[in-house]
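Student: Provide a 3D model corresponding to the input given below.
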Amino acid sequence: MLIHKAPVGFFLFRRDGGAEWVETAKVSPPNGKNNDQYGFCIAMSGNTVVVGARRTDQNSIMKDTGAAFVYTIKDGFPVLVTKLTASDAEASDEFGQSVAF
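Tutor: Numbers count the residues shown, from 1 in each chain. Here you go, the predicted structure:
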């Protein structure tokens, strides 16, 4: 599997059995918001993908607290497992600025 970051979201590719890569999925922000910077950073390990969205708002007052979305790859397609947020989130924390395994 291969991941390619897009302006909003990411693309998932797999090998076609030869040297070619074939797109299997385009993943957009689960909340539909383009200004959350969903996909600002992405990490993949095995069949698990973590996508940072550092500008996600917790509510109308808590702006840019950030979030990270965890996916598992099943049959070549990403399935959202959970959304991670900081338990002590504050405005402008930008949780999800960086993700890694």
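
Student: tally of neighbours for residue 95?
Tutor: Residue 95 sits with 22 neighbouring residues when counted by other Cβ atoms under 10 Å. Any C-beta I mention is one placed from the backbone N, CA and C, and that applies to glycine too.

Student: hang on, isn't it packed against residue 69?
Tutor: No. Counting by Cβ atoms under 8 Å, residue 95 sits too far from residue 69 to count as a contact (11.5 Å).

Student: overlap in contacts of these two?
Tutor: Common neighbours of residue 95 and residue 69 (criterion: Cβ atoms under 8 Å, 6 or more residues apart in numbering): residue 84.

Student: residue 91: what's it in contact with?
Tutor: For residue 91, the contacting residues are 61-65, by Cβ under 8 Å, 6+ apart.

Student: residue 100 now?
Tutor: Counted by Cβ under 8 Å, 6+ apart, residue 100 has contacts residue 43.

Student: tell me how far it lies from residue 43.
Tutor: Residue 100 is 5 Å from residue 43, where distance means Cβ to Cβ, to the nearest Å.

Student: same check on residue 56?
Tutor: 17 Å.

Student: hmm, who's touching stretch 22-37?
Tutor: Here stretch 22-37 has contacts from 6, 8-16, 38-39, 51-57, 67, 69, 71, 76-78, 80, 83, using Cβ under 8 Å, 6+ apart.
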